[in-house]
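Asker: below are the sequence and a predicted model; questions follow.
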Amino acid sequence: MDSAKEEKHLDSLVQRLLREHDPAGSRVDFLGAQYDLGLAWIHFDEEFGGLGMAPKLQGHVNAQLVEAGAPMCWPRNPIGYGMCGPTVYTHGSENQKQRYLRPLFSTEEIWCQLFSEPSAGSDVAGLTSHAVKDGEEWIVNGQKVWTTLAHVSRWGCLVTRTDPEAPKHKGLSYFVVDMDQPGVEVRPLRQMTGDAEFNEVYFTDARIPDSERLGEPGDGWRVALTTLMNERVAIGGGQAPRGSGPISDSVRLWAEMDETRKTESLRDRLMTLWTKSEVARLTNIRASQNRAKGVPGPEGSTGKLAFAENNQDIHEFNVELLGAQGMLYDTYSIERSGNAMGLASTQQQFLRSRANSIEGGTSEVMRNILGERVLGLPGDVRTDKELPFSEVPNN
């Protein structure tokens, strides 16, 4: 089927979805019907919420649904949709895909990602949480940190060490973990916005069935790369309409400003930021068109790096456009929102954007990936890469 015929077929499915299910009705029912029609991840197989088409056509579907005011999975379940779903699809068993993907997309079950630790952030492979095999189960102990939405999650994607005598990248295993089970404790981390979307998660003799493993024992790093590559595309690979997103707030704030404050310098900065946003948007579209089915490549790191730095620059500029009002913030009272995308004021967006260059891989890590995997530059010196993890200093 050529591209034009595929788009026509997708249009008919979208119209059927909108005709048979009220976008203003139940979010769960609408998203479940979207999954059943293959419009959830259209590059997945037909029995798992897809149609076996090219990933770039998802934007064609989403644009029509957004215009119709339909609910979207991403704002409610960003980790699940952007990272965990593709990982389960790529590495999970048939039973796991049947069990997890539909309620994930319908937002009946929220997901989180359990990778970072207090001593293993940018170097995720240096993690020290561990799992020991006990019959048909694994007993997990350790601590994770910066776990977005863990407090409202039903399931989590967990990477933990299962062989301390193997080199650090080869002794990891990847599991789906029940966040409601005994031995899993979630504690909030209060941010400077006042919100607490991030968490610490403690595992104390938590048991995971071996059937919930993704990939083979010791294959956790390869599985984790699927999650990480999809995470970077999810964060920085969006294909928003021209002039939308944070830069649209800049344009609005400029229009609302008193004319006496509109200097040539501010106007030049606004146009520079608008141009950078448009370049990033077009680059993401090109990357999406070139992306084959499967695990995304290093183009996700390009988009993520551009997104983080552009986003921070734009929100800083927006606060400046507010003038003295930009120094005011309504409240720092702690909130435990279940919506990671629920940012309200310009000031809150500015404060939250400080995390963009850290979460999903720091900007420094993104530059290393681009240097090594895109430009072919020599890699960083890694003296511990082949050592058994038990012999690595400070572990």
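Answerer: Right, received. Where do you want to start?
Asker: for the chain, give me the ranges with low pLDDT.
Answerer: Scanning the chain for pLDDT under 70 picks out 1, 231-241, 287-300, 331-343, 394-395.
Asker: phi, psi for the residue of it positioned farthest from its centre please.
Answerer: What lies farthest from the middle of the chain is residue 260; by CA atoms, centre = their mean that is 41.3 Å. Here is the backbone geometry of residue 260 (degrees, to the nearest 10): phi -70, psi -20.
Asker: what separation is there between residue 327 and residue 270?
Answerer: As judged by CB to CB, to the nearest Å, residue 327 and residue 270 stand 21 Å apart. Quick note: C-beta positions are derived from backbone N, CA and C, even for glycine.
Asker: the more surrounded of these two?
Answerer: Neighbours per residue (other CB atoms under 10 Å) separate residue 327 from residue 270, with residue 270 holding more: 19 against 9.
Asker: list the buried residues in the helix or strand harbouring that one.
Answerer: Element membership for residue 270 (DSSP states H and E) is helix 264-290. Using 16 or more other CB atoms under 10 Å as the test for burial, helix 264-290 gives 269, 270, 273, 274, 276, 277, 280, 281, 283, 284, 287, 288.
Asker: my read: the second one touches residue 249, true?
Answerer: If I follow you right, that is residue 270. No. Counting by CB atoms under 8 Å, residue 270 does not reach residue 249; the two are 11.2 Å apart.
Asker: quickly list what's touching both of the two.
Answerer: Here residue 270 and residue 249 have no joint contacts, going by CB atoms under 8 Å, 6 or more residues apart in numbering.
Asker: how about the helices in the stretch 1-150 of the chain?
Answerer: In the stretch 1-150 of the chain, the helices defined using DSSP state H, counting those that start in this stretch lie at 3-20, 27-36, 58-67, 73-76, 78-79, 85-91, 94-105.
Asker: quick revisit: farthest-apart pair in the buried residues of helix 264-290, please.
Answerer: Using CB to CB, the buried residues of helix 264-290 span at most 28.8 Å, a distance reached by 269 and 288.
Asker: picking up where we left off before, between the buried residues of helix 264-290, which sits nearest residue 54?
Answerer: residue 288 (8.9 Å).
Asker: contacting residues around residue 224?
Answerer: 115, 124, 159, 172, 174.
Asker: quick check: next helix or strand after the one helix or strand it maps to?
Answerer: In this structure, residue 224 is located in helix 220-236 according to DSSP H and E. The helix or strand immediately downstream of helix 220-236 is helix 246-256, counting by DSSP H and E.
Asker: which outside residues touch that next one?
Answerer: Outside helix 246-256, the residues touching it (CB under 8 Å, 6+ apart) are 243, 262, 266-267, 270, 273-274, 277, 310-311, 314-315, 317-318, 321-322, 346, 349.
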